[in-house]
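[1] okay, here's the prediction I keep looking at, along with the sequence it came from:
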Amino acid sequence: MPRRSRIHLPGIPQHVIQRGVDRQPVFFSDEDCQFYLDWLGEYLQKRHIELHAYCLMTNHVHLLLSSPSADALGGLMQDLGRRYVQYINRTYRRSGGLWQGRYKASFVQSERYLLSCMRYVELNPVRAGMVVAPGDYRWSSYRANALGGSDKLLIPHVEYLALGAAPEERQQTYRNLFVTEVDDPAWNLIRQATQQGVLVADSHFAEIIEQRLGSAVQPRPRGRPPKKHEGGKGG
């Protein structure tokens, strides 16, 4: 099956996932994570891309960002990926690739799903059983978004800023969102859309985008389509 060509929707944030080859580790120490974030910050600035949330897991990375163009995001992921692979291979005396093909990315309807996607990203360590609470995990944006920690990588999205007039109010409102987990339908949509490179959005918004682009942007159902029977009654 041919690759789905990437789409670009200016002004709409994207959820990006990049995994290690065969889901093997890509981070082996705290130092590796820090180098990755330092270089991420460098390339975000170079490409004029805004980062809203992130999480570095042992074998994959989540980024929620707004890019001015498809080329900007592609350039960032290429430059960052190449530099990080060179560092890992040199440090651990290994060779070959580190990442599982090209990164996965999906656009996120801001007013409906952006905060759900932020929670999805920052709850990864909790779902993986690595920590009890998201604030216990060092390598994510939760401490900045929810607890007011300093993180020079982040530029708050307008949906996050709308949570309160003052930083303390926004952080409290954001923490309250984590009292209950994201509903399963939202999580399933985020997973499917990111894997397929389509849109995390409600059907009405997706249909508007499909009409604008002239191509499908909604997740396809899993599995093979049902066979059509020749003759007989329809159904």
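    Arrived safely.

[2] C-alpha only now, for contacts and for neighbours.
    OK.

[3] low-confidence ranges, this structure, go.
    For the chain, the stretches with pLDDT under 70 are 1-7, 181-184, 197-199, 201-235.

[4] swap in 90 and give it another go.
    Scanning the chain for pLDDT under 90 picks out 1-12, 69-70, 101-102, 105-113, 179-235.

[5] quick one: the helices in it?
    30-47, 70-91, 110-122, 124-127, 142-147, 158-161, 167-176, 184-196, 203-213 (DSSP state H).

[6] what's the closest of the ones you listed to residue 8?
    Taking CA to CA, helix 70-91 is the member of the helices of the chain nearest to residue 8, at 5.7 Å.

[7] ok and that closest one relative to helix 30-47, angle-wise?
    If you take axes from the mean of the first three to the mean of the last three CA atoms, to 10 degrees, helix 70-91 sits at 150 degrees to helix 30-47.

[8] now for helix 70-91, which elements pack on it?
    If you count contacts as 3 or more CA pairs under 8 Å, 6 or more residues apart in numbering; DSSP states H and E, helix 70-91 packs onto helix 30-47.

[9] now for the helix it packs on, which elements pack on it?
    Where contact means 3+ CA pairs under 8 Å, 6+ apart, helix 30-47 is packed against strand 50-56, helix 70-91.

[10] for the ones you listed, which one ends up most surrounded?
    Across the helices and strands packed on helix 30-47, the average number of neighbours (mean count of other CA atoms under 10 Å) peaks for strand 50-56, which reaches a mean of 24.

[11] dump the C-alpha coordinates for that one into CSV.
    C-alpha atoms of strand 50-56 as CSV (Å, rounded to 0.1, in the frame of the first residue of the first chain):
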residue,chain,number,x,y,z
GLU,A,50,6.0,26.3,18.8
LEU,A,51,6.1,23.3,21.2
HIS,A,52,3.1,23.0,23.6
ALA,A,53,3.6,19.6,25.2
TYR,A,54,6.1,16.7,25.0
CYS,A,55,7.1,13.4,26.7
LEU,A,56,10.3,11.4,26.2
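
[12] contacts for that strand, please.
    The contact list for strand 50-56, computed with CA atoms under 8 Å, 6 or more residues apart in numbering, reads 33, 44, 61-67, 118, 121-122, 124, 139-142, 153-157.

[13] okay then, goodbye and thanks.
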